[in-house]
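>>> Quick one: sequence and predicted model below, then my questions.
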Amino acid sequence: MQVLFTAFALLIAIVPIVLLIVLFVRTSSLHQRISRLEEHAGIRPERVSSTPGALHPPPLSGPTAKVEPPKVRSSGIRQHELEALIGGRLMNRIGAVALVIGMGFFLKYAFDHGWLSETMRVVIGIVFGFLCLWTGHRSRTRGYAIFAQGLVGAGIAILYLSLYASFNFYHLIPQWMAFILMSGVTILALVQAVRYDSLAVSILGWLGGFLTPFLLSTGESNEVALFTYAALLTLGLLGITLKKEAWYVLEPLSLGALFIVYFAWYAEFYTDGDFALTLFFLAVFWLLFHLADLLRQKMGFSSLIAVRHTVQSFHGLLTSIATGILVGNRDPDSVGIAFLALALVYALSVPVGRLLPGDSARGTSERLEAITAGLVLLGTAFEFSETNTIRLWAVEGLLLFLAGAQYRRTVFLISSLGFFACALIGFSTVGGSLAYEPIGDFALLGTPRVLTAVILAAAIGGATLISARTTSALAKKFRAPLGFTFLLTLFVVLTAETNDFFRHALHVLRRDHQGETIKDEITSVLNIRQLAISALWLVYSILAMAAGLWRGVRGPRYFAIGLFGLTILKIFIMDLAFLETLYRVFSFLGLGVILLAVSYAYQRYKSLLFDSVPSPEQRASS
């Protein structure tokens, strides 16, 4: 029960924030609409002089110049608008809330002091609630729409309180009857909201509808009744948002409340025997919001597009979390399959989104593609081992980049970069990526790290080649960063392999000569290791420079220049300090020869390299 009360309090806490947001949005919207209407009609307020003579100036004789009426700068909400807002709407809402609170105190006070009978107390509350509804109806027919909205809201709330008191305080009716009656009040509230065009009354119906299961909880699980009721309530609220585009706030409210009800029930009552039924209801909940989103696009709704994408993204996130928890509780090894199955469902929805009118402007299919890619990323991580996950992320990233460049799908291109980034982060953090352990089992170019690095580098290199040959302008922009990442990945792996080769040699040397003095041998291995790493860096720089010169591409050349600089620092700082004299000779001679050769290549081919660089005008025209 503690979970239910926590969820109840959370739902209650949302209401004041929502009401303030709704009030601010409606006020701002009203002011903007008035300003647009005045601008469209050409109406400009004029200053009116306080003197009587200024009201009817005498006609002027002779030719006169056209006099423009003085302009008055608008200063936000005008004084009479603010007065109407406070006196008409704000006081109406506060008065309705005070009326409800007063009725609640009456029921509580009557209960504490034994006034009348319990049945009469409930009957009085119900009669008073319907009296508010009738008075609201009469006020609406006489043109007092705002006043009628307050009375209707108060009447609905009093009916909720009276029925709740009849069940919880007085025990006059059974739980199932109270549930049916409060559900009827919820339906009445939503009908009245549409009839009176009152968002506040609809929010009251939303609140009362989702609070009903908490208020009438008996501490026993009834999953079918609870989730059927929640689904029908959500269906009604989503139907209202399709009828009233300006009431879209009901959709995120319903989404949040629905999953509060679900997670509260799951934490309190779920058992393994409920798996199939719970999975079915999760599918129903997902389908309700998904179909509402597609119908909204089919109907041509064009407002709040960014908000709608955000809400639907959270819808996918909540569904994924709920599904992952549900499946993981039953079989942790099947969570990845569940995510991949959900990704397949979203992927099948992409063609539907593209067929609907206005998809290019609203981007529904792109959102569905992004959610699909995210679920594939998660599914791969949960389904496969750490090393295989990195390899599959790299391959999936390459396939996404190929599809994005081929079909000019921006989401695929961006998602592919996300896959590559996750693969690189995973590779750098997995055990043994930079220093292989146990070092005694090391074999040069024979570790799983090498295979993973080759797959990762090949995938990134393939994407680099695709970006160089595609006609997609966006894909071409990724050529330089992808090429740099490709070179850097190979560089890091080759350096790690070289370093681990000598670490393994030291391990074997110490193992085979335990108890012996082998200081000179160890020093020799350490010197050769530093020299080998420096030589590797220089050779790798030469290869990168040669590739850049041969292909006429600046990226590899820039990478080579940067690596030359890093090698120079290493040789002048580390090698000079730690290497013996003979090794210093080889290190500096090799560095000097290579740098001079690179300098000669730049001088020899400078016309080919720099004359082919396009001017800013040529780059703009291309």
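That came through fine.
>>> contacts for stretch 350-360?
With CB atoms under 8 Å, 6 or more residues apart in numbering as the test, stretch 350-360 has contacts from 294, 297-298, 300, 302, 364-365, 368-369, 372. In this view, the C-beta of every residue, glycine as well, is placed from N, C-alpha and C.
>>> Who are the packing partners of the one helix or strand H137 maps to?
Assessed by DSSP states H and E, H137 sits inside helix 118-141. Under the contact definition 3 or more CB pairs under 8 Å, 6 or more residues apart in numbering; DSSP states H and E, helix 118-141 sits against helix 91-113, helix 145-168, helix 175-196.
>>> Show residues contacting whichever helix or strand I455 is part of.
Assigned by DSSP H and E, I455 belongs to helix 448-469. Helix 448-469 is contacted by residues 387, 390-391, 394-395, 397-398, 401-402, 405, 416, 420, 423-424, 427, 432-433, 436, 475-479, 482-483, 485-486, 489-490, 493, 496-497 when judged by CB under 8 Å, 6+ apart.
>>> Those in helices, which ones?
Residues of the contacts of helix 448-469 located in helices (DSSP state H): 387, 390-391, 394-395, 397-398, 401-402, 405, 416, 420, 423-424, 427, 475-477, 479, 482-483, 485-486, 489-490, 493, 496-497.
>>> So among these, which ones count as buried?
387, 390-391, 394-395, 397-398, 401-402, 405, 416, 420, 423-424, 427, 475, 479, 482-483, 485-486, 489-490, 493, 496-497 (16 or more other CB atoms under 10 Å).
>>> lowest-confidence helix or strand of this protein?
When the helices and strands of the chain are scored by mean pLDDT, DSSP states H and E, helix 616-621 comes last with a mean of 45.
>>> rewinding a little: and the helix holding I455, how far out from the chain's middle?
29 Å (CA atoms, centre = their mean, to the nearest Å).
>>> Stretch 228-248 now?
On the basis of CA atoms, centre = their mean, stretch 228-248 sits 23 Å off its chain's mean C-alpha point.
>>> Return the residues in contact with G155.
Applying CB under 8 Å, 6+ apart, we find G155 in contact with 128-133, 136.
>>> what's the pLDDT at the closest residue to it other than its chain neighbours?
Once flanking residues are discounted, G155 sits nearest to C132: 3.1 Å by CB to CB, 6 or more residues apart in numbering. For C132, the pLDDT comes out at 79.
>>> which residues touch C132?
Contacts of C132 by CB under 8 Å, 6+ apart are 99, 151-152, 154-155, 158.
>>> cool, A480 as well?
Contact analysis of A480 by CB under 8 Å, 6+ apart lists G555.
>>> and the helix holding H137, C-alpha only, in PDB?
Extracted C-alpha coordinates of helix 118-141, given in PDB (Å, rounded to 0.1, in the frame of the first residue of the first chain):
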ATOM      1  CA  GLU A 118     -24.400   8.400   6.700                       C
ATOM      2  CA  THR A 119     -26.700   7.900   3.800                       C
ATOM      3  CA  MET A 120     -28.100  11.400   4.100                       C
ATOM      4  CA  ARG A 121     -24.600  12.900   4.100                       C
ATOM      5  CA  VAL A 122     -23.700  11.200   0.900                       C
ATOM      6  CA  VAL A 123     -27.100  12.100  -0.700                       C
ATOM      7  CA  ILE A 124     -26.600  15.700   0.200                       C
ATOM      8  CA  GLY A 125     -23.200  15.700  -1.400                       C
ATOM      9  CA  ILE A 126     -24.400  14.100  -4.600                       C
ATOM     10  CA  VAL A 127     -27.500  16.400  -4.800                       C
ATOM     11  CA  PHE A 128     -25.200  19.400  -4.300                       C
ATOM     12  CA  GLY A 129     -22.900  18.200  -7.000                       C
ATOM     13  CA  PHE A 130     -25.700  17.700  -9.500                       C
ATOM     14  CA  LEU A 131     -27.100  21.100  -8.500                       C
ATOM     15  CA  CYS A 132     -23.700  22.700  -9.400                       C
ATOM     16  CA  LEU A 133     -23.900  20.900 -12.800                       C
ATOM     17  CA  TRP A 134     -27.500  22.100 -13.400                       C
ATOM     18  CA  THR A 135     -26.600  25.700 -12.400                       C
ATOM     19  CA  GLY A 136     -23.600  25.600 -14.700                       C
ATOM     20  CA  HIS A 137     -25.900  24.500 -17.500                       C
ATOM     21  CA  ARG A 138     -28.300  27.300 -16.800                       C
ATOM     22  CA  SER A 139     -25.500  29.900 -16.600                       C
ATOM     23  CA  ARG A 140     -24.100  28.700 -19.900                       C
ATOM     24  CA  THR A 141     -27.400  29.100 -21.700                       C
END
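>>> and it, how far out from the chain's middle?
45 Å.
>>> likewise stretch 166-181?
Distance, centroid of stretch 166-181 to centroid of chain: 41 Å (CA atoms, centre = their mean).
>>> try stretch 405-419
For stretch 405-419, the distance to the chain centre is 18 Å (CA atoms, centre = their mean).
>>> In that stretch, which residues are buried?
In stretch 405-419, counting by 16+ other CB under 10 Å, buried: 405, 409, 411-419.
>>> Surely D274 is in contact with V224?
No - if you go by CB atoms under 8 Å, D274 and V224 don't touch, sitting 10.1 Å apart.
>>> Which of those two has more residues huddled nearby?
Using other CB atoms under 10 Å, the more surrounded residue of D274 and V224 is D274, with 16 against 10.
>>> Under the pLDDT cut-off, which ranges of the stretch 101-250 of the chain? List them.
101-116, 144-147, 149-150, 168-170, 216, 218 (pLDDT under 70).
>>> Model confidence score at R44, please.
Per-residue confidence at R44 stands at 49 (pLDDT).
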